[in-house]
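Visitor: Pasting the sequence and the predicted model now:
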Amino acid sequence: MEGLLKLYLGEERGEELLKRIRDTGLFPHLRSGYDVRLVIDLAENNAEDEKLPTDRLELYRAAVAAAGPENDEGREQLEAAAWNLLTERGPSEDKRRMIPDKDAPGALLAQLEAVRERSNSKIRLIRLSPPGYEFVHDQMNSYLAACWFVGRPTVSVMKDLLSSANVWQEGLETQRTLWNFVAEMLSETTLQDLWVFAGDDDRRAILAVALAKQAERNGWTLTREPSKTRLHFDASARLTS
């Protein structure tokens with residue numbers, strides 16, 4: 001991280017921002033070069049004395065606030081587009097590129113692509129990629145997709161979405177990035193329910209691991225009721241023994 005900060009900002013300014021990152025407690029939450037780039041751009045956008053985010057979710061929220069849609073409707077449309085890209089397209093299809101008015105409203109994509117020129121923002125979520133647009137980074141795509149998923153009204157709706165998703169065919173890193181974001185956003189009760197659901201299908205192992213690790217970080221205990229099949233098996237075993 002120190003090397004990236006100095007590369008982008010120079011020796012002196014890089015050291016100053018590194019100190020701010022450590023002082024706010026953000027340092028251990030940064031997991032990628034893209035996270036560091038977001039911190040740099042956010043710091044460049046804001047006054048030097050403005051406090052930086054304290055964790056990774058706050059960082060991504062701040063980035064979306066700085067460069068995202070101007071209203072809730074636009075944000076939800078962008079989040080839904082991100083979810084659909086990751087969960088409806090096949091494993092060999094592009095998960096970042098969007099066709100205007102098919103994957104997301106064309107006016108919204110044009111607005112987001114022009115954010116740097118309009119507001120002099122250092123951050124942007126979308127860039128032009130003829131004949132359409134694309135997310136600037138897979139991790140922002142995953143964050144926005146996670147926001148849409150976690151915003152569903154019930155756990156039952158979430159389970160239905162997971163049952164029909166194609167994301168289980170994706171590689172380890174793609175799934176891990178998405179499910180780590182999801183796990184960080186969930187309440188204890190919802191995380192518990194989805195952890196049990198994930199354990200019922202081997203394809204969902206990466207989701208189950210992400211949920212279990214987040215529960216451990218939060219100090220939450222996960223419990224699973226014995227299945228009827230296991231109860232029947234155990235009873236039969238005792239009878240025959």
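Guide: Ah, there it is. Residues are numbered from 1 along each chain as shown.

Visitor: secondary structure element for the residue nearest in space to the middle of the chain?
Guide: The geometric centre of the chain, computed from its C-alpha atoms, lies nearest to Tyr143 (C-alpha atoms, centre = their mean), at 2.4 Å. Element membership for Tyr143, per DSSP states H and E: helix 138-150.

Visitor: got the angle for the very next helix or strand once past that helix vs helix 138-150?
Guide: Next along the chain after helix 138-150, taking DSSP H and E as the criterion, comes helix 155-164. Following axes from the mean of the first three to the mean of the last three C-alpha atoms, to 10 degrees, one obtains 130 degrees for the angle between helix 155-164 and helix 138-150.

Visitor: in helix 155-164, what's buried?
Guide: Neighbour counts over helix 155-164 (16 or more other C-beta atoms under 10 Å) mark 155, 158-159, 162 as buried. In this view, the C-beta of every residue, glycine as well, is placed from N, C-alpha and C.

Visitor: now Leu109: how far from Arg37?
Guide: Leu109 sits 22 Å away from Arg37, taking C-beta to C-beta, to the nearest Å as the criterion.

Visitor: Give me the more crowded residue out of those two.
Guide: Remark: of Leu109 and Arg37, Leu109 carries more neighbours, 25 against 17, as counted by other C-beta atoms under 10 Å.

Visitor: For that one, which non-adjacent residue is spatially closest?
Guide: What sits nearest to Leu109 in space, not counting adjacent residues and going by C-beta to C-beta, 6 or more residues apart in numbering, is Tyr133, at 4.4 Å.

Visitor: One more: Leu85?
Guide: For Leu85, the nearest residue in space outside its immediate sequence neighbours is Lys95; the separation is 4.9 Å by C-beta to C-beta, 6+ apart.

Visitor: give the contact list for the one you found.
Guide: Under the criterion of C-beta atoms under 8 Å, 6 or more residues apart in numbering, the neighbours of Lys95 are 85-86, 89, 138, 141, 174.

Visitor: Then Trp168?
Guide: With C-beta under 8 Å, 6+ apart as the criterion, the residues that contact Trp168 are 175, 203-204.

Visitor: at 10 Å what do you get?
Guide: Residues in contact with Trp168, defined by C-beta atoms under 10 Å, 6 or more residues apart in numbering, are 87, 91, 162, 175, 201-207.

Visitor: the strands in this protein, which residues?
Guide: Using DSSP state E, the strands of the chain run over residues 97-98, 126-129, 132-135.

Visitor: Now distance to Arg75 and mean neighbour count too, for these, in CSV please.
Guide: Listed next are the strands of the chain as CSV, based on distance: least, C-beta to C-beta, whole Å; neighbours: other C-beta atoms under 10 Å:
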stretch, distance to Arg75, mean neighbour count
strand 97-98, 15, 20
strand 126-129, 13, 17
strand 132-135, 14, 22
